[in-house]
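1. what follows is a predicted protein model with its sequence.
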Amino acid sequence: MTIQRQTIFRTALAYFGLIMLSIIFLIPLYWLVRSSLMDDSTIFTFPPQWIPNPVAWENYDFALSRYPLFQYLGNTLTILIPALVGTIVSATLVAYGFARISWPGRDLVFGLLLSTLMLPYVVTLIPTFFMWSRLGFVDTYVPLIVPSWFGGGMFNIFLLRQFFRTIPQDYDEAATLDGANHFQILWHLIVPMSRPAIITIAIFSFLHHWNDFLGPLIYISDPEKQTLALGLSNFQGYYSAEWGHLMAASTLMILPIIVLFFVAQKYFIKGIALGGLKG
Amino acid sequence: MENVASKGRVAQEQRGLSRKQRNLLWGLLFTSPAIIGFFLWQFGPIMAAIGISLTEWKIVGTPEWIGLANYQKIFTTDPLFLKSVSVTLIYTALSVPASIAFAFFLAVLLDQKVRLLPVFRTIFYLPSIVPFIASSYLWLWLFNPDFGALNAIIRPLGLPESKWIFASDSVLPSLALMSLWGVGGTMLIFLAGLQGVPKQLYEAVEVDGGNVWHKMRHVTIPIMTPVIFFNFVLTTINTLQTFTQPFVMTQGGPNNASLFYVLYLYRKAFRQSDMGYASALSIILLLIIGVLTYIIFRTSSLWVFYEGERD
């Protein structure tokens, strides 16, 4: 009886905590949308109003007409799509090499590469920038795309390798006996069985390139070539009247990510869990 | 079966290479993008950064060899270096333990067999995938002392209003508060870990008459220490490299109170074009992170519990 009452009490407490925390977590997003729907006369009233009245859509009109958001979107996708393909292709190949072929020195090499996850990105920033500027690729998308074709980052490789290792080795041996080579095994056997993991790294790669701010900030100076993340900083304003526009543009930038999340929710959850646990 | 396999092997070995050698070649072939990438984007640049850090170089013109002069200047005559180190360490000390504890707390709440788990999980996770640039602007607006949400919440409750990121004594705690909004990824890793805790261990505590606190103290936390350790290391390394938030929200102000290390380095490199000096700063950051990670790893044996060691 007491144990039962304890359990009910605990569940009630958990719900109470979860609901309160959910409200707290949602307030910033609510404030974002609320502010995007207010004009200057309502956004700068004191004390602030919680509900926009009247609802003003003009910030969205303004953001879309005065700022080339669609061009920013096109630029972002011009980087994102080839980088995404590069990440998927090269990470799959590399992960296969680390997970399914046993070769001398493999684990040592893998450990060495994995340790680069701890490397601060700023250490490589200056020489890499210098290299690209010497090659004449500053103010192009090349520096933002090409590195993705070299494995697509150790985190993605790690994730795929962990997944590949869970597939029984017998399959490969059977396929080898049938005369299949490694490329055939990878393409006909491993890839079809690893779709959840591959989708996971595709999502992470998408997020990374969609959200990347420092890369474009350093390499892109031509206003025509700016990405969404970089373009957003053009809306800057502190106490100035740009807040409604900035919030509308931010909402537009976040929206695709929220849609992506809901479409691919189960992969997000699995991928994070997988990436964290087997370390 | 065995016979067929060995025949196949013999046939392949006749083509000249042993199985071991062939595997080595295939292995290197498949992993070559990452290995080449390592030399192009990691190893090569680090060596170059060490080299550049020993020069005076303003990007135009040729680098001039000056030995350790940059390092000497950083450690002896650069007050902003010390300021940025202390800002970054203070922020890390505020943000990391709070984030880890908060993420763990959220995960424990979600692990209570609640209905609507996917809904709550989504609400807590979503903020962590909002682009830093967008969340930075959003929080800049939330922190607005006059028209922002935070003071609008605090005011009716009768609590003292804050200047948040606009005052030098509250800017770092404010940014740490903001970082709590983004703990969703860490929370998911904890949640996955919690779901792997063997249920019979809880039952054992119950049999011994233990309560919720005993379960947490003697089962959950010990079993979760490897996951806590993993999150602790990753969050610390990431937090030491904080850039976008101060770059967008405070520009290091007010009065350099949020001059984060990477922001200072960025200014030296890309605003003042002082590449030699900035490279020296980057090498020092590498060493700081290396030393901190080493300390965390060395002390981990004191508190991290690995299942294999149980027997």
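-> It's in.
2. all strands of the stretch 1-150 of chain B, in order?
-> Assigned strands in the stretch 1-150 of chain B, in chain order: B:55-58, B:60-65 (criterion: DSSP state E, counting those that start in this stretch).
3. buried set for the last one?
-> If you call a residue buried by 16 or more other Cβ atoms under 10 Å in any protein chain shown, then strand B:60-65 has these buried ones: B:Pro63. C-beta here means a position set from N, CA and C on the backbone, and glycine is covered the same way.
4. and for the first one?
-> Buried positions in strand B:55-58, judged by neighbour count with 16+ other Cβ under 10 Å: B:Thr55, B:Glu56, B:Trp57.
5. thinking again about what came up before, pipe the strands of the stretch 1-150 of chain B into a markdown table and attach distance to B:Val207 and mean pLDDT per row.
-> A markdown table is the format used below for these (distance: least, Cβ to Cβ, whole Å; pLDDT from 0 to 100):
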| stretch | distance to B:Val207 | mean pLDDT |
| --- | --- | --- |
| strand B:55-58 | 69 | 89 |
| strand B:60-65 | 71 | 84 |
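6. circling back to that earlier point, ok, so of the buried residues of strand B:55-58, who is nearest chain A?
-> Nearest to chain A among these, counting by Cβ to the nearest Cβ, is B:Trp57 at 9.3 Å.
7. list the contacts for that closest one?
-> By Cβ atoms under 8 Å, 6 or more residues apart in numbering or on different chains, B:Trp57 lies in contact with B:Pro63, B:Glu64, B:Asp274, B:Met275, B:Gly276.
8. spatially, which two of the residues you listed are the most separated?
-> Farthest-apart pair in these is B:Glu64 and B:Asp274; separation 12.5 Å (Cβ to Cβ).
9. so how far is B:Asn231 from the residue most central in space within chain B?
-> Geometric centre of chain B, nearest residue: B:Asn238, 2.4 Å, by Cα atoms, centre = their mean. Going from B:Asn238 to B:Asn231 by Cβ to Cβ, to the nearest Å gives 10 Å.
10. what about the lengthiest helix in chain A, near chain B?
-> Identified as the longest helix of chain A according to DSSP state H is helix A:2-36. Yes. Using Cβ under 8 Å from any Cβ of the partner chain, helix A:2-36 reaches chain B at A:3, A:6, A:10-11, A:14-15, A:17-18, A:21-22, A:25-29, A:31-32, A:35.
11. elements contacting the helix or strand just after that helix?
-> Following the chain from helix A:2-36 toward its C-terminal end, the next helix or strand by DSSP states H and E is helix A:40-43. Packing partners of helix A:40-43 (3 or more Cβ pairs under 8 Å, 6 or more residues apart in numbering or on different chains; DSSP states H and E): helix A:243-263.
12. what does the helix it packs on contact?
-> A:32-33, A:35-36, A:38-40, A:43, A:56, A:58-60, A:62-64, A:66-67, A:69, A:203, A:206-207, A:210, A:228-229, A:232, A:235-237, A:268, B:122, B:125-126, B:129-131, B:134, B:137-138, B:141, B:147.
13. identify the residue nearest A:Phe163 in space, chain neighbours excluded?
-> A:Ala197 (3.6 Å; Cβ to Cβ, 6 or more residues apart in numbering or on different chains).
14. so how far is A:Ala180 from the one you found?
-> 21 Å.
15. neighbour count: the two, which is higher?
-> More crowded of A:Ala197 and A:Ala180, by other Cβ atoms under 10 Å in any protein chain shown: A:Ala197, with 26 against 16.
16. residues near residue 181, how many?
-> Assuming you mean chain A. 10.
17. try chain B instead
-> Neighbour tally, B:Trp181, other Cβ under 10 Å: 23.
18. what's the answer for A:Leu32, then?
-> 24.
19. pLDDT wise, what is it at?
-> Here, the pLDDT recorded for A:Leu32 equals 92.
20. same question for A:Asn234.
-> Value for A:Asn234, per-residue pLDDT: 76.
21. show the contacting residues for it.
-> With Cβ under 8 Å, 6+ apart, A:Asn234 has these contacts: A:Tyr67, A:Gln226.
22. next one: B:Gly209
-> Per Cβ under 8 Å, 6+ apart, neighbours of B:Gly209: none.
23. in a strand, it, correct?
-> No. Assigned with DSSP: H, G, I helix; E, B strand; the rest coil, B:Gly209 falls outside any strand and is coil.
24. from A:Ile8, how far off is it?
-> On the measure of Cβ to Cβ, B:Gly209 and A:Ile8 end up 20 Å apart.
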